[in-house]
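>>> structure here, sequence nowhere to be found:
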Ligand code: 5GP
């Protein structure tokens, strides 16, 4: 069940401000409020979905394709394609997801530490 009151739903409804990096018809990208790297951008589809799996199951192909192309557009805009980056999506309890609206973290701008 999608929680309409999660913080990213509020950002999408413009009830809470964000430091926008990129926006189009299907997606919004903004800087993380508590960055874990020099560059830490969050990308969210405007479609109400809880996790990566939920997005893939519920959204149509145009929306899904557009969202992932937008992730790449942001990578180009941030000029990190060559230097590198890490994409992360946390899902559910075991994945450590805090905000229950599917999002992708784009981490870059310095060497991102080992996962373990
Ligand atoms: P998760 O743990 O769900 O994968 O990541 C949630 C992310 O959202 C965290 O990195 C956290 O810092 C970020 N975050 C939480 N609340 C806000 C907010 O109000 N604004 C922004 N820009 N980021 C937020």
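Happy to help now that I have it. Quick caveat, the model's predicted, so the values are computed rather than measured.

>>> residue 21 belongs to a helix, doesn't it?
No: under DSSP: H, G, I helix; E, B strand; the rest coil, residue 21 falls outside any helix and is assigned strand.

>>> can you read off the pLDDT for it?
On pLDDT, residue 21 comes in at 98.

>>> now do residue 116
Reading off the confidence values, residue 116 has pLDDT 66.

>>> mind checking pLDDT for residue 15?
What the model reports as pLDDT for residue 15 is 98.

>>> what's the burial count for it?
When neighbours are defined as other Cβ atoms under 10 Å, residue 15 has 10 of them. Quick note: C-beta positions are derived from backbone N, CA and C, even for glycine.

>>> and the helix ranked longest in the chain, which residues are buried?
For the chain, the helix with the greatest residue count under DSSP state H is helix 61-77. Neighbour counts over helix 61-77 (16 or more other Cβ atoms under 10 Å) mark 63, 64, 66, 67, 70, 71, 73, 74, 75 as buried.

>>> the first one against residue 56, yeah?
What that stands for is residue 63. No: Residue 63 lies out of contact with residue 56 (Cβ atoms under 8 Å); the separation is 10.3 Å.

>>> intersection of neighbour lists for the two?
Residues touching both residue 63 and residue 56 (Cβ atoms under 8 Å, 6 or more residues apart in numbering): none.

>>> so for the residue most central in space within the chain, what's the pLDDT?
Note on the chain: the residue nearest the mean C-alpha position is residue 43, at 2.4 Å, using Cα atoms, centre = their mean. What the model reports for residue 43 is a pLDDT of 98.
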